[in-house]
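**Student:** Got a sequence here, can you build the structure:
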Amino acid sequence: MIGGFELLTGSDRVSLPLGAQRLLAFAALHNRPLLRLHVASVLWTDYPEERASANLRSVLWRLHRLGVDLMQVTGTHLWL
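**Tutor:** Numbers count the residues shown, from 1 in each chain. Reported below is the predicted structural model:
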């Protein structure tokens with residue numbers, strides 16, 4: 001992404017952790033629901049499946065806690 005990541009709500013800039021930025025950018029590049037396991041394995045390639053899935057859950061929790069309601073999530077899939 002040239003120029004970096006920026007999330008605006010109206011004219012307010014929302015500061016997001018790097019993991020959340022990566023997740024939102026990855027989801028934005030795909031125009032369909034994505035398997036959570038696939039997303040976790042692509043974004044956290046250096047981690048075992050269990051740890052990568054835990055990282056994804058953590059990022060989703062942080063987004064929810066920040067009030068950033070951009071992701072739709074089921075037990076198996078996620079999408080913007």
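**Student:** which non-adjacent residue is nearest residue 30?
**Tutor:** residue 79 (7.7 Å; Cβ to Cβ, 6 or more residues apart in numbering). Backbone N, C-alpha and C define where each C-beta goes, glycine included.
**Student:** Look up how far residue 32 lies from the one you found.
**Tutor:** Note on residue 79: its distance to residue 32, by Cβ to Cβ, to the nearest Å, is 7 Å.
**Student:** and those two? which has more neighbours close in?
**Tutor:** Set residue 79 next to residue 32 and count neighbours by other Cβ atoms under 10 Å: residue 79 wins out with 16 against 8.
**Student:** where does that one fall, phi/psi-wise?
**Tutor:** For residue 79, the backbone dihedrals (degrees, to the nearest 10) come out as phi -160, psi 160.
**Student:** Just list whatever residues bridge to the residue nearest to residue 30.
**Tutor:** residue 72 (DSSP bridges).
**Student:** Hmm, it is touching residue 28, no?
**Tutor:** No. In this structure, residue 79 is not within contact of residue 28 by Cβ atoms under 8 Å, at 10.0 Å.
**Student:** what about residue 63, how many neighbours?
**Tutor:** If we define neighbours as other Cβ under 10 Å, then residue 63 has 21 of them.
**Student:** which ones are touching it?
**Tutor:** 16, 20, 23-24, 70-71 (Cβ atoms under 8 Å, 6 or more residues apart in numbering).
**Student:** remind me, longest helix of this structure?
**Tutor:** The residue-count maximum for a helix in the chain (DSSP state H) belongs to helix 49-66.
**Student:** Go ahead and flag the most central residue of the chain.
**Tutor:** residue 23 (2.5 Å; Cα atoms, centre = their mean).
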